[in-house]
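1. when you get a sec, could you give me coordinates for this:
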Amino acid sequence: MKKTIYTIAILSLGLFATSCGGDEKKQEAKKGPAVAVRVETPSGADEHFLTASGKIEAVNSANLSTRMMGYIQDIRVKVGDKVKKGELLISINNSDLQAKRAQVNAGITEAEAAYNNAQKDYGRFKALYEEESASQKEMDDQTARFEMAKARLEAAKQMRNEVESQFAYVNIRAPFSGVITNKFAEEGTMANPGQPLLAMESPGKFEVMARVPESEISGIETGTDVDVIVKSIDQTIPGTVTEVSTSARNTGGQYMVKVALEETDAKILSGMYASVRFPIEKKAETTQAVMVPKEAIITRGDLQGIYTVSAQNTAMLRWLRLGRTYGDKVEVLSGLNADESYIVSADGKLFNGAKVK
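-> The predicted structure is shown next:
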């Protein structure tokens with residue numbers, strides 16, 4: 001019994017010593033030199049006018065695919081090549097289609113011979129019928145044979161048109177003049193119906209597809225002049241609202257607004273992220289998306305967080321729930337308010353309780 005009491009006493013003393021040691025380390029950390037940090041507030045927190053995020057896209061863009069299955073024989077372009085409208089881009093093996101065309105041509109020859117023979121017989125019986133040398137039934141039979149031969153010939157010709165139209169899907173040509181922006185297949189691989197093979201766009205004319213919340217969409221009209229801020233090149237480009245969506249059924253309560261950019265010398269590229277600033281004062285009750293740079297996010301296993309500054313000027317790691325990514329920024333769904341500051345970078349190693357300045 002005494003041995004048990006002494007053991008509990010020793011364990012209690014050890015835990016007390018460990019606790020004291022941990023407190024001393026925390027005190028030493030607070031007494032150490034402060035780490036110099038750079039802090040910011042989430043983008044959009046101090047905006048007085050409605051701003052919506054979007055992506056720059058080319059006005060003319062297309063993903064080229066085929067309706068035919070076959071092996072790709074030749075890809076005549078690579079990413080970055082400039083092509084003209086009607087230029088041959090991809091050839092797909094069409095041996096099966098060529099055999100089908102030969103069969104159709106043979107069928108047309110046979111149908112033409114039958115049609116010519118039926119036409120001659122129809123002419124003879126018509127003359128006999130007018131001379132009352134042939135009965136009405138005989139004339140009706142010859143008329144029916146002639147009409148059937150005519151229909152077979154027309155069906156054969158339409159079959160040829162169908163086969164010829166399918167050749168357009170094995171010889172893929174440029175639908176407009178532009179630049180090849182992506183290649184999804186290689187020579188020798190199998191092309192399947194609907195599978196994208198090439199992507200191309202016509203440079204020079206760009207537009208932005210922005211998402212606007214339902215609380216603000218009523219204030220946006222077609223023809224409104226807006227400012228499009230492209231942060232990657234640090235330029236603002238004027239634009240005009242060309243389309244306003246009337247439904248948010250498949251966009252999660254956000255309405256799509258299309259903005260056409262004016263011609264500019266700025267080096268904008270398709271796929272760049274941009275912010276559209278509408279000349280509409282933001283409503284007080286509108287909840288603006290909280291956006292932070294990806295470089296400020298701390299990842300620990302499956303958890304993601306950000307360092308904030310406490311009232312005692314110490315670093316405090318706060319776990320977040322993140323949403324979609326827009327370029328170099330990520331949306332914060334919960335864990336950080338729009339008016340709270342966070343640490344973007346530090347000159348030293350940060351940890352919970354580290355002094356910062």
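
2. for residue 92, name its beta-bridge partners.
-> In this entry, residue 92 is beta-bridged to residue 72, by DSSP bridges.

3. hmm, it is touching residue 191, no?
-> Yes - Residue 92 lies in contact with residue 191 (C-beta atoms under 8 Å); the separation is 5.4 Å. C-betas here are computed from N, CA, C, even on glycine.

4. which neighbours do the two share?
-> Here residue 92 and residue 191 share the contacting residues 66, 68, 70-72, scored by C-beta atoms under 8 Å, 6 or more residues apart in numbering.

5. burial of residue 142, as a residue count?
-> 20 (other C-beta atoms under 10 Å).

6. now do it, the pLDDT please.
-> At residue 142, the model reports a pLDDT of 86.

7. if I pick residue 356, what's in contact with it?
-> Residues near residue 356 by C-beta under 8 Å, 6+ apart: 34-37, 309, 313-315, 343, 346, 350.

8. okay, strands next: where are they in the stretch 101-250 of the chain?
-> Secondary structure of the stretch 101-250 of the chain (DSSP state E, counting those that start in this stretch): strands located at 171-173, 178-183, 190-191, 198-213, 225-230, 235-244.

9. any chance of the ones you listed in JSON lines, with mean neighbour count too?
-> Formatted as JSON lines, the strands of the stretch 101-250 of the chain follow (neighbours: other C-beta atoms under 10 Å):
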{"stretch": "strand 171-173", "mean neighbour count": "17"}
{"stretch": "strand 178-183", "mean neighbour count": "18"}
{"stretch": "strand 190-191", "mean neighbour count": "18"}
{"stretch": "strand 198-213", "mean neighbour count": "20"}
{"stretch": "strand 225-230", "mean neighbour count": "20"}
{"stretch": "strand 235-244", "mean neighbour count": "16"}
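
10. which one's the longest helix in this structure?
-> The single longest helix within the chain, with elements called by DSSP state H, is helix 95-130.

11. tell me what that one is packed against?
-> Packed against helix 95-130, as judged by 3 or more C-beta pairs under 8 Å, 6 or more residues apart in numbering; DSSP states H and E, are the following elements: helix 136-166.

12. quick one: low-confidence residue ranges for the stretch 151-300 of the chain.
-> 250-253, 281-289 (pLDDT under 70).

13. hmm, back to that, okay, the strands of the stretch 101-250 of the chain in TSV with distance to residue 260 next?
-> Formatted as TSV, the strands of the stretch 101-250 of the chain follow (distance: least, C-beta to C-beta, whole Å):
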stretch	distance to residue 260
strand 171-173	28
strand 178-183	18
strand 190-191	35
strand 198-213	5
strand 225-230	10
strand 235-244	5
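
14. can you give me the strands in the stretch 251-357 of the chain?
-> Taking DSSP E, counting those that start in this stretch as the test, the strands found in the stretch 251-357 of the chain are 254-261, 273-281, 290-293, 298-300, 303-309, 315-319, 321-326, 329-334, 342-346.

15. reformat those strands as CSV; add mean neighbour count and distance to residue 84.
-> Output for the strands of the stretch 251-357 of the chain, formatted as CSV (neighbours: other C-beta atoms under 10 Å; distance: least, C-beta to C-beta, whole Å):
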stretch, mean neighbour count, distance to residue 84
strand 254-261, 20, 25
strand 273-281, 19, 30
strand 290-293, 21, 41
strand 298-300, 11, 48
strand 303-309, 18, 48
strand 315-319, 17, 54
strand 321-326, 14, 35
strand 329-334, 18, 39
strand 342-346, 18, 48
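
16. so which of those strands is nearest residue 199?
-> Among the strands of the stretch 251-357 of the chain, strand 273-281 comes nearest to residue 199, with 18.8 Å by C-beta to C-beta.

17. residues contacting the closest one, please?
-> By C-beta under 8 Å, 6+ apart, strand 273-281 touches 48-56, 208, 210, 212, 216, 219-220, 224-232, 239, 257, 259, 326-327, 329.

18. next, the angle from that strand to strand 235-244.
-> For strand 273-281 against strand 235-244, the angle by axes from the mean of the first three to the mean of the last three C-alpha atoms, to 10 degrees is 70 degrees.

19. just the shared contacts of residue 92 and residue 191 now: which is nearest residue 338?
-> residue 66 (48.8 Å).

20. make sure the closest one is indeed in a helix.
-> No - counting by DSSP: H, G, I helix; E, B strand; the rest coil, one finds residue 66 to be coil, located in no helix.

21. for the longest helix of the chain, give the mean pLDDT please.
-> For helix 95-130, mean pLDDT is 87.

22. give the buried residues for it.
-> Across helix 95-130, burial judged by 16 or more other C-beta atoms under 10 Å covers 97, 100-101, 104, 107-108, 111, 114-115, 118, 122, 125, 129.

23. and what of stretch 134-144?
-> Buried positions in stretch 134-144, judged by neighbour count with 16+ other C-beta under 10 Å: 134, 139, 142.

24. next one: stretch 75-88
-> 75, 77, 83.

25. what's opposite the closest residue to the second one other than its chain neighbours in the beta bridge?
-> Across the structure, with C-beta to C-beta, 6 or more residues apart in numbering as the measure, the residue nearest residue 77 apart from its sequence neighbours is residue 180 (5.0 Å). Listed beta-bridge partners, residue 180: residue 200 (assigned using DSSP bridges).

26. one step back: now do the longest helix of the chain and helix 136-166, the angle between them.
-> 160 degrees.

27. please report how far residue 190 lies from residue 177.
-> Residue 190 sits at a distance of 29 Å from residue 177 (criterion: C-beta to C-beta, to the nearest Å).
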